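Enquirer: Return a 3D structure for these sequence lines:
(one chain, ligands or ions: 1)
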Amino acid sequence: MSLERVELVRVYLPLVRPFRTSFGTQTGRDILLVHVETDAGEGWGEAAAHAEPYYNEEFVDASMLVIERFAVPALATTPELTSGSVARSLARIKGYPAAKAALEMAILDAELRAGKTRLADHLGGVRSKIEVGVSVGITESVGALVDLVASYLGEGYGRVKIKIEPGFDVEPVAALRREFPELALQVDANAAYTPEDLDHLGKLDAYDLLMIEQPFAVDDLPSHAALTRQLRTPVCLDESVVSLRSVEQALAAGACTVINLKVGRLGGVLTCKAVHDLCLERGVPVWCGGMLESGVGRAANIALASLPGFVYPADISASDRYFHRDLTEPFVMANSQLDVPTGPGLGVDIDESSLKDLGALRRDVTVHR
Ligand code: NPG
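Expert: As a prediction, the model looks like this:
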């Protein structure tokens, strides 16, 4: 196919409630969408980067610049461009996985819409509904956390992930376990701990957690391996997993027993599929993470999570957990499940009036062939 037009669409979506992690508090999402027009039709993708480089190196201003200056020129001059060749064409650009994922997603959406194929079918999905959970940020107090978790359970969420950091870990976990003995609960540290915390983190083993996610720094596989050996609780890697090779190295190092897949961190849904296939072959359970995406990015995440190797509930919640108004038709949760979209491509349509009302900034990228 050939790329005829690329448009960048940036829109700020206020979050329903602030979301605090060990790397900062977010009150809204700086959403970046990529809209492509090709000779086969149009497609949309989302770059799930942050406004600031606090989760990983990427941030939205940089993603836009990279798309405009390097990625679109590389794709525009790729002979016989297909969704399957996007990652290869962009491999020369180091980093910027969210920018790359957005372009691949948009081209895949265009291609699959033209072929009337659902993304879930294209990837090899086996479920029409996926199990989901809710990710709960760090709160002012343990009491506030218990109340917030209770309200999500009241909405029907069956799995809860809480964010932890030094000073907010064992106590909130113990309180939730006391209050909700049967709750499917897991924790995520976003790399907030150091090797000196190994023994302290060991205390979490008493609370029957589904997993502990990314306690140590991105490049600290040895500490993750030590914790994996020390704990009964599964250890999951998120930020450390940036490519198929990094997964192979993490597994060889014994640095985890579970892998979190994120489209915007691995550089695209097709790389996620490759990591999924490797993990399935090796018997390593995977699950789908989220980056507070709009309906565009979440549609891709849901399709991915319909693959057979996804065994833990996903960090993909209903639209109303994030935003008052989404950029697509809202995703609605029932019984802690979301339906896999049934339409071709991503299976969602952009709500142009939502983009307009929310003051989206739109800009065309020059496509030189
Ligand atoms: O439901 O999308 C969601 C949020 C899940 O906690 C979540 N995401 O570190 O995993 C994370 C965190 C995150 C949010 C990471 C935004 C990066 C950006």
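Enquirer: remind me, longest helix of the chain?
Expert: Of all the segments assigned as helix in the chain under DSSP state H, the longest by residue count is helix 97-114.
Enquirer: Give me the helices and strands touching the helix or strand that that one is followed by, please.
Expert: Per DSSP states H and E, helix 97-114 leads on to helix 119-123 as the next helix or strand towards the C-terminus. Based on contacts counted as 3 or more Cβ pairs under 8 Å, 6 or more residues apart in numbering; DSSP states H and E, the elements that helix 119-123 packs against are helix 97-114, helix 269-282, helix 295-305. In this view, the C-beta of every residue, glycine as well, is placed from N, C-alpha and C.
Enquirer: Pick the most deeply packed of those.
Expert: Comparing the helices and strands packed on helix 119-123 on average neighbours per residue, with mean count of other Cβ atoms under 10 Å, the densest one is helix 295-305 at a mean of 29.
Enquirer: What is the neighbour count of whichever residue of the stretch 1-150 of the chain sits closest to the ligand?
Expert: Across the stretch 1-150 of the chain, no residue is closer to the ligand than Ser135, which sits at 3.4 Å (Cβ to the nearest ligand atom). Using other Cβ atoms under 10 Å, the number of residues around Ser135 comes to 22.
Enquirer: for the host helix or strand of it, packing partners?
Expert: Ser135 is part of strand 134-136, with elements assigned from DSSP H and E. The helices and strands touching strand 134-136, judged by 3+ Cβ pairs under 8 Å, 6+ apart, are helix 142-155, strand 159-163.
Enquirer: Next, the contact list for Glu7, please.
Expert: When contacts are counted by Cβ atoms under 8 Å, 6 or more residues apart in numbering, Glu7 touches 34-36, 362-365.
Enquirer: ChimeraX command for the buried members of those?
Expert: Per 16 or more other Cβ atoms under 10 Å, the buried members of the contacts of Glu7 correspond to this ChimeraX selection:
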select :34,35,36,365
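Enquirer: Make CSV from the contacts of Glu7 and add pLDDT, secondary structure and distance to the ligand to it.
Expert: Formatted as CSV, the entries for those read as follows, by pLDDT from 0 to 100; DSSP: H, G, I helix; E, B strand; the rest coil; distance: Cβ to the nearest ligand atom, whole Å:
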residue, pLDDT, secondary structure, distance to the ligand
Val34, 98, strand, 18
His35, 98, strand, 22
Val36, 98, strand, 24
Arg362, 97, strand, 23
Arg363, 96, strand, 23
Asp364, 97, strand, 27
Val365, 96, strand, 24
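Enquirer: from the contacts of Glu7, which is closest to Pro79?
Expert: For those, the minimum distance to Pro79 (Cβ to Cβ) is 17.4 Å, reached by Val36.
Enquirer: thinking again about what came up before, any idea of the angle the longest helix of the chain forms with helix 295-305?
Expert: Per axes from the mean of the first three to the mean of the last three Cα atoms, to 10 degrees, the angle that helix 97-114 makes with helix 295-305 is 80 degrees.
Enquirer: Check the helices and strands packed on strand 134-136 for me and report the most buried one.
Expert: Taking mean count of other Cβ under 10 Å as the contact definition, the stretch among the helices and strands packed on strand 134-136 with the greatest mean neighbour count is strand 159-163, which reaches a mean of 23.
Enquirer: any idea how far the residue in the stretch 201-350 of the chain that the ligand sits nearest to lies from Leu32?
Expert: Using Cβ to the nearest ligand atom, the closest approach of the stretch 201-350 of the chain to the ligand is made by Gly290 at 2.4 Å. Going from Gly290 to Leu32 by Cβ to Cβ, to the nearest Å gives 16 Å.
Enquirer: swap in Gly133?
Expert: Counting by Cβ to Cβ, the gap between Gly133 and Leu32 amounts to 25 Å.
Enquirer: And Tyr322, by the same measure?
Expert: Distance of Tyr322 to Leu32, given as Cβ to Cβ: 16 Å.
Enquirer: for stretch 5-23, which positions count as buried?
Expert: Residues of stretch 5-23 classed as buried by neighbour count (16+ other Cβ under 10 Å): 6-11, 13, 15, 19-23.
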